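Trainee: Give me coordinates for this.
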Amino acid sequence: AASAPQEKQSDSAQPKTSYIDRMKAAGYDVDLDKLIAMKVQDVTPEYAQGMAQAGFGKPSADELIACKIQGVTPEYISSLKQQGFQIKNFQDAISFRIFGVTPEFVAGMKSAGFSDLTSQQLVSLRVQGVTPEYARQIAQEYPSATVDDVIKTRIFHIDAAFIESAKKHGFTHLSLESWCSCGSPVSSTTNPRSNGSIENQLSLPAKQRLALSSRTLLVTGELCLFAGTRQQEIRMNTHRLHVPLVLMASAITALQSAALEPYRAACSISVSEQAGKFRLHIDREDCDIEYSHCGSNYSEESIDRFKGITPADLAHEGAQLTATLSAEAGTFSCSGKVQSGALVGDSLFVPDAAFAARMEQMGFSGLDSEKLQTYALVDVESQWAHSLQEIGIQGITVDNLIPLRIFKVDPAYVHSITALGYDLPSADQLIAMRVQGVDAAEVREIRSLGYQPTFDELVQIRIFKITPEFIRRMEARGLKDLTIAKLVQIRIFKLDE
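Mentor: Residues are numbered from 1 along each chain as shown. The predicted model follows:
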């Protein structure tokens, strides 16, 4: 039992070295972008060491990355050498890998009469798609053909069929150079040997084009005139309809406020694992039992928000209880019996029409009873919503008022961010910052280190744990020109581990 703490102390006394430290120890003291690229491709110190022993000296960071991408390993290079390939550097090995230079291909070229090929010739042959069969055909027609001749004929699409066809038209005893000239990949529309001339392939004569253009202009003009007339009519009709539509919208709003019906559902209340909280669960009456997402679980309702129930009451099996929660948006109640430590029964929410009217005047329209119930449970208040509007927060909607309230976005928090020199955040930006726990004090410390994070970077700082201590630790490792984006990449690719 006593040895465990000692082991823990020894671990802390000898912390694990990071990827950055291990690559530096292997001789790769490179910039952060190179380190990230190497980490992404799983370049390890062991891989770098093995490649350095391949016979081409120490590979650069770029060579290591390229080799890893193409699957070039020390074992692959060794096998190429054993097979007699003339591999002079890492680039040769990469080219062999990319273009599939294999012992079978070399043997095929040798049987076609082309042996002792250099690595560059082998790669060039594969790049141009030369096969041993193709090389054999050219060699049969021209026994003195060289590798360069074969490559050239392939480039100009000269094959046995082409040569045979040309011979039938009287072209005999031509050299390979002549064939390549004949086979030059020139478009038939501009080839002087084609049946038609360039002049014969031009478009319509000038008079026809002019007539066509005139007709197009005439039709276009008529269409524009017609479109303009219609747009004017539409604008006039829209103007005539504007006042009635405004009156209709006001009437509909009044009807909606008057038509807010009580909202009923199934409910249960139990003691939360969090001290001083009740766990409230609500299921819609029309909710299919197979679809659990129909339910809404509110696990952070303070005990003191409910009247008519205490944690002690839930210990009385079979007791009849009615728990009531009153809010500006309306009154929620859950009535039923205590079963296995939870109040189980039916809920009733009675919306407050006056609250809905106040919210309507502030621009939050379309509120129904279910939405108002949510407002009541998260304690959305009209004065709080108005306070956010007063300081100019843009993008507040009936939907994002809920997360704004849940994550306690208020004018004081907004001012703490703008006091650092930031522009006024939007509603969605404030939610994102609050969700991730962006704190003005921590931001101020990070800015004091010389960094100027944007709104998005403020969120990333929290997601990826870019703390002031982490920044100092990375700077102490000699990493230069660090930015928030690069620090985030260090975390993403685990360069610090």
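Trainee: Could you use CA atoms for every contact and neighbour count after this?
Mentor: OK.
Trainee: for stretch 442-452, which positions count as buried?
Mentor: By neighbour count with 16 or more other Cα atoms under 10 Å, stretch 442-452 contains the buried residues 443, 444, 446, 452.
Trainee: Where does pLDDT dip in this protein?
Mentor: Counting by pLDDT under 70, the chain contains low-confidence ranges at 1-16, 179-259, 285-300.
Trainee: would you turn the buried residues of stretch 442-452 into TSV with secondary structure and distance to residue 270?
Mentor: Converted to TSV, these look like this (DSSP: H, G, I helix; E, B strand; the rest coil; distance: Cα to Cα, whole Å):
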residue	secondary structure	distance to residue 270
443	helix	39
444	helix	42
446	helix	43
452	coil	46
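Trainee: ok, the residues you listed vs residue 168, which is closest?
Mentor: Nearest to residue 168 out of the buried residues of stretch 442-452 is residue 452 (Cα to Cα; 76.5 Å).
Trainee: show me the contacts for that closest one.
Mentor: Contacts here follow Cα atoms under 8 Å, 6 or more residues apart in numbering; on that basis residue 452 touches residue 446.
Trainee: Any figure for the gap between it and residue 104?
Mentor: From residue 452 across to residue 104, the span is 59 Å (Cα to Cα, to the nearest Å).
Trainee: is it true that residue 326 touches residue 332?
Mentor: Yes. Using Cα atoms under 8 Å, residue 326 is in contact with residue 332, at 6.3 Å.
Trainee: Comparing those two, which residue is more hemmed in?
Mentor: Taking other Cα atoms under 10 Å, residue 326 and residue 332 do not tie; residue 332 has more neighbours (23 against 17).
Trainee: does that one count as helix, strand or coil?
Mentor: Three-state call for residue 332 (DSSP: H, G, I helix; E, B strand; the rest coil): strand.
Trainee: For it, give me its contacts.
Mentor: 324, 325, 326, 347, 348, 349, 350, 373, 376.
Trainee: Now do the contacts for residue 428.
Mentor: 395, 400.
Trainee: element containing it?
Mentor: Secondary structure from DSSP states H and E places residue 428 in helix 427-435.
Trainee: distance between that helix and the chain's centre?
Mentor: How far helix 427-435 lies from its chain's middle: 19 Å, per Cα atoms, centre = their mean, to the nearest Å.
Trainee: Reformat the contacts of residue 332 as CSV; add secondary structure.
Mentor: Output for the contacts of residue 332, formatted as CSV (three-state DSSP):
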residue, secondary structure
324, strand
325, strand
326, strand
347, strand
348, strand
349, strand
350, strand
373, helix
376, helix
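Trainee: What segments of the stretch 1-150 of the chain are helices?
Mentor: 3-13, 19-25, 32-40, 45-52, 61-70, 74-82, 90-99, 103-111, 119-127, 132-141, 147-155 (DSSP state H, counting those that start in this stretch).
Trainee: Quick one: closest of those helices to residue 320.
Mentor: The nearest among the helices of the stretch 1-150 of the chain, by Cα to Cα, is helix 3-13 at 53.0 Å.
Trainee: what's the closest of the contacts of residue 332 to residue 318?
Mentor: Closest approach between the contacts of residue 332 and residue 318, by Cα to Cα: residue 347, at 17.6 Å.
Trainee: Roughly how far does that closest one sit from residue 269?
Mentor: Note on residue 347: its distance to residue 269, by Cα to Cα, is 11 Å.
Trainee: what does residue 426 give?
Mentor: For residue 426, the distance to residue 269 - Cα to Cα - is 36 Å.
Trainee: Who has more neighbours out of the two?
Mentor: Taking other Cα under 10 Å, residue 426 and residue 269 do not tie; residue 269 has more neighbours (25 against 16).
Trainee: what comes up buried for the host helix or strand of the more buried one?
Mentor: Residue 269 belongs to strand 263-271 when assigned by DSSP H and E. Buried positions in strand 263-271, judged by neighbour count with 16+ other Cα under 10 Å: 263, 264, 265, 266, 267, 268, 269, 270, 271.
Trainee: Show me which of those residues is closest to residue 382.
Mentor: Nearest to residue 382 among the buried residues of strand 263-271 is residue 263, at 20.7 Å by Cα to Cα.
Trainee: can you give me the strands in this structure?
Mentor: 263-271, 277-284, 296-302, 306-307, 320-327, 330-339, 342-351 (DSSP state E).
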